[in-house]
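**Student:** Could you look at this predicted model? Sequence included:
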Amino acid sequence: MAKVTREMVENTGINVDELLELLVANAAAELTTFYYYTILRANLIGLEGEGIKEIAETARIEDRNHFEALVPRIYELGGRLPDSMTEFHDLSACPPANLPEKPNDAMSLLKVLVEAERCAVRGYTYICNMTAGKDHRTYALSQAILNEEIEHESWFSEFLGEGPSGHFMRRGDTSPFVRPFLQ
C-alpha cells in the first residue's frame, strides 16, 4: 500500500473504504464481463452475428484491460481483491451479461451487450464524480475507462438502430485511453 497516497486521498474528504468497495466491484464487473463476453462472442454467428463479432471482441479485450488497470490502484489505496473468485463474481457492480433466451438472435445478444456497457458507464461516471478534483489518479483512471465504455455503448447502440454515435471501431488499437495505466 502507498501510505501517503491513501492519506492524501483521505485528506480530500473521500471515504477511501467506500471508494475501494466501488473500485473492487467495478474490477469484478470488468473481469466477469470479459468472461461473459467470451461466451456471447462465441454465439455471434451467422450473417448478423459475424458483423458484430469484431466489435464485441474489442470490448471484451478492453474490459480485461480495465480490470488489469484497476488492480494496482486498488492495492495502492490499501485494498485487495477477494481470495475467492465466486465471492469476487458476486460483488460485481453490474449484473452478469448472460446469454439471452435466444442465443442465436443477434439483436438479443446486442441488448445484453449494450446493457452491460450502460451499467459500466453509470459506475465510472459515479466514481469520476466522487474523485474529481480530489483523487487525481483514480479520477484519471476512471475517466479513461469511462471513455472506452462510452464508445462500447455507442457501437452496440448503433447496431440496435438507436441512432448514429459518431464513433468508429478501432482497428488493431485496443484501449487507447487506458493504455497509459497498463504500463
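**Tutor:** Sure, I can see it. Numbers count the residues shown, from 1 in each chain.
**Student:** In three-state terms, label P82 for me.
**Tutor:** Under DSSP: H, G, I helix; E, B strand; the rest coil, P82 falls in the coil class.
**Student:** if I look at it, how far off is K134?
**Tutor:** Applying Cβ to Cβ, to the nearest Å, the value for P82 to K134 is 26 Å. Just so you know, the C-beta spots here come from the backbone N, C-alpha and C atoms, and that holds for glycine as well.
**Student:** same deal with I52?
**Tutor:** I52 sits 39 Å away from K134, going by Cβ to Cβ.
**Student:** what's the closest non-adjacent residue to A132?
**Tutor:** Leaving aside its sequence neighbours, A132 sits nearest to Y139 (Cβ to Cβ, 6 or more residues apart in numbering; 5.6 Å).
**Student:** just checking, what packs against the helix or strand that that neighbour is a member of?
**Tutor:** If you go by DSSP states H and E, Y139 is part of helix 136-159. On a contact count with 3 or more Cβ pairs under 8 Å, 6 or more residues apart in numbering; DSSP states H and E, helix 136-159 meets helix 46-76, helix 106-131.
**Student:** Turn these into CSV, columns for mean neighbour count, distance to E158 and mean pLDDT.
**Tutor:** Output for the helices and strands packed on helix 136-159, formatted as CSV (neighbours: other Cβ atoms under 10 Å; distance: least, Cβ to Cβ, whole Å; pLDDT from 0 to 100):
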stretch, mean neighbour count, distance to E158, mean pLDDT
helix 46-76, 19, 9, 94
helix 106-131, 20, 10, 97
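**Student:** right, and those - which one's nearest Y36?
**Tutor:** helix 106-131 (7.5 Å; Cβ to Cβ).
**Student:** ok and the closest one relative to helix 46-76, angle-wise?
**Tutor:** Inter-element angle recorded for helix 106-131 and helix 46-76: 20 degrees (by axes from the mean of the first three to the mean of the last three Cα atoms, to 10 degrees).
**Student:** Return the distance of helix 106-131 from the chain's centre.
**Tutor:** 8 Å (Cα atoms, centre = their mean, to the nearest Å).
**Student:** and it, what other elements does it pack with?
**Tutor:** With contacts taken as 3+ Cβ pairs under 8 Å, 6+ apart, helix 106-131 sits against helix 16-42, helix 46-76, helix 136-159.
**Student:** going on from the second one, what's the next piece of helix or strand?
**Tutor:** Sequence-wise, the next helix or strand beyond helix 46-76 is helix 85-90, with elements assigned using DSSP H and E.
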